[in-house]
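Chemist: got a sequence here, can you build the structure:
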Amino acid sequence: MPTYRVPRRIRSIAAKAIEYNLSLPRSKRAAMKKEGNKTVFGTGMKTARKLVRDDVDEKQLILMRAWFARHGESEREKEARRDRTSKASIAWALWGGTEGRRWVEGTLRDIERRRKREGK
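Modeler: Take a look at the predicted model:
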């Protein structure tokens, strides 16, 4: 499966979010989950690392679109993101922020158009 070039600005947003998130005490970090007795990185941290590495395929883009759909329009989420130190704001940045959302939508739209032209 081909990978898609992540714009530099989105890589930067994700890198800064990773750095900031890891600078916080575990209890304040976003994108962490419990697995048994351990706290491990969740999908947000894994996604941010893929963005930084410029390693995003179509499957990841689809996952990102679904995440943005769940978290982007909710008034509660928008309100929580106003505090730049909140877990919601950090998580949003881990996924590339608003610029990441635009890039994902545009890239998937381009993929779908290309498939239609090719008859796939």
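
Chemist: where does pLDDT dip in this protein?
Modeler: Where the chain drops to pLDDT under 70, the residues are 120.

Chemist: next up, the contacts around Trp67.
Modeler: By CB atoms under 8 Å, 6 or more residues apart in numbering, the residues touching Trp67 are 43, 47, 95. C-betas here are computed from N, CA, C, even on glycine.

Chemist: next one: Met32
Modeler: Per CB under 8 Å, 6+ apart, neighbours of Met32: 26, 39-42, 45.

Chemist: measure the residue nearest the centre of the chain to Asn37 for me?
Modeler: Nearest to the geometric centre of the chain sits Trp95, at 1.6 Å (CA atoms, centre = their mean). Distance of Trp95 to Asn37, given as CB to CB, to the nearest Å: 27 Å.

Chemist: so which bits of the helix or strand hosting Arg70 are buried?
Modeler: Arg70 is located in helix 58-72, with elements delineated by DSSP states H and E. With burial defined by 16 or more other CB atoms under 10 Å, the residues of helix 58-72 counted as buried are 60-61, 63-65, 67-68, 71.

Chemist: also stretch 81-96?
Modeler: Buried residues in stretch 81-96, counted by 16+ other CB under 10 Å: 81, 86-96.

Chemist: the helix ranked longest in the chain - contacts with which helices or strands?
Modeler: For the chain, the longest helix by residue count, based on DSSP state H, is helix 97-118. Packed against helix 97-118 by the contact rule (3 or more CB pairs under 8 Å, 6 or more residues apart in numbering; DSSP states H and E) you find helix 8-23, helix 58-72.

Chemist: can I get the ones you listed in CSV with distance to Gly100?
Modeler: As requested, these are arranged in CSV below (distance: least, CB to CB, whole Å):
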stretch, distance to Gly100
helix 8-23, 5
helix 58-72, 7
